[in-house]
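> sequence and predicted structure below; questions after.
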Amino acid sequence: MPVNPEAVGRSYGPFEPYEVTRVKIREFADAVDAWSGAHRDVAVAQAEGFQDLVAPTTFAVVIAQRAEFHVVTDPEVGVDFSMVVHAEERFTHVRPLVAGDVITTTVHIESITQRAGISMVTTRAELTDADGAPVSTVTSTLAVREAA
């Protein structure tokens, strides 16, 4: 069964805030081989003009995927996660994420296109800080194969 194209335009959230911590930044930096001292040492980060450790630019995906979970588990959307392949990820940053940020996310279903037994589901996750100011936008596309 294909993904429900009528789900386009739906929004989910905002969800429980995510606290960006030094530990999570360091773990993510290790995972993606980001070796800048600003990801690991507060003094280095501050010397570079940041208030605290700065997250690698792709760290926003950690937060966005928590919100995107609600899209892929919504039975009215109809995504069979066992049939999903990640197709694309784009980031638009207003400012870097730093340790101490408390981020709230709302995710929107931007588009669903279908062809040759595959649904391309594009979501846009809007990350905002504790004051409601925009921090990052993560646009993600999943390719969902239809069951045979």
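Arrived safely.

> what's the pLDDT at the residue positioned nearest the centre of the chain?
Among the residues of the chain, A64 comes closest to the average C-alpha position under CA atoms, centre = their mean, at 2.2 Å. On pLDDT, A64 comes in at 97.

> can you give me the helices in this protein?
Ranges of helices within the chain are 22-31, 42-47, 60-72, based on DSSP state H.

> output the below-cut-off pLDDT ranges for this protein.
Low-confidence segments of the chain, defined by pLDDT under 70, are located at 1, 148.

> report the contact partners of the closest residue to G37 other than its chain neighbours.
The shortest distance from G37 to any non-neighbouring residue, by CB to CB, 6 or more residues apart in numbering, is to V44 (3.6 Å). (C-beta placed from N, C-alpha, C; glycine too.) V44 makes contacts with S36, G37, A38, as judged by CB atoms under 8 Å, 6 or more residues apart in numbering.

> now the buried members of those.
Among these, the ones that count as buried by 16 or more other CB atoms under 10 Å are A38.

> rewinding a little: between the helices of the chain, which one is closest to P2.
Each of the helices of the chain was scored for nearness to P2 using CB to CB, and the closest is helix 60-72 (14.5 Å).

> pick the most buried one from the helices of the chain.
Mean neighbour counts were compared across those using mean count of other CB atoms under 10 Å; the top stretch is helix 60-72, at a mean of 20.

> what packs against that one?
Other elements packing on helix 60-72 under the criterion 3 or more CB pairs under 8 Å, 6 or more residues apart in numbering; DSSP states H and E are strand 11-12, strand 18-19, strand 84-93, strand 102-115, strand 118-128, strand 134-145.

> tabulate those strands (TSV), appending mean neighbour count and distance to D30.
As requested, these are exported to TSV (neighbours: other CB atoms under 10 Å; distance: least, CB to CB, whole Å):
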stretch	mean neighbour count	distance to D30
strand 11-12	17	30
strand 18-19	15	19
strand 84-93	12	20
strand 102-115	17	21
strand 118-128	21	22
strand 134-145	19	21
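
> for R26, find the nearest of those strands.
Closest to R26 of the helices and strands packed on helix 60-72 is strand 18-19 (CB to CB; 14.6 Å).

> that closest one pairs with which strands?
Based on DSSP bridges, the strands next to strand 18-19 in the sheet, each with its direction, are strand 102-115 (antiparallel).
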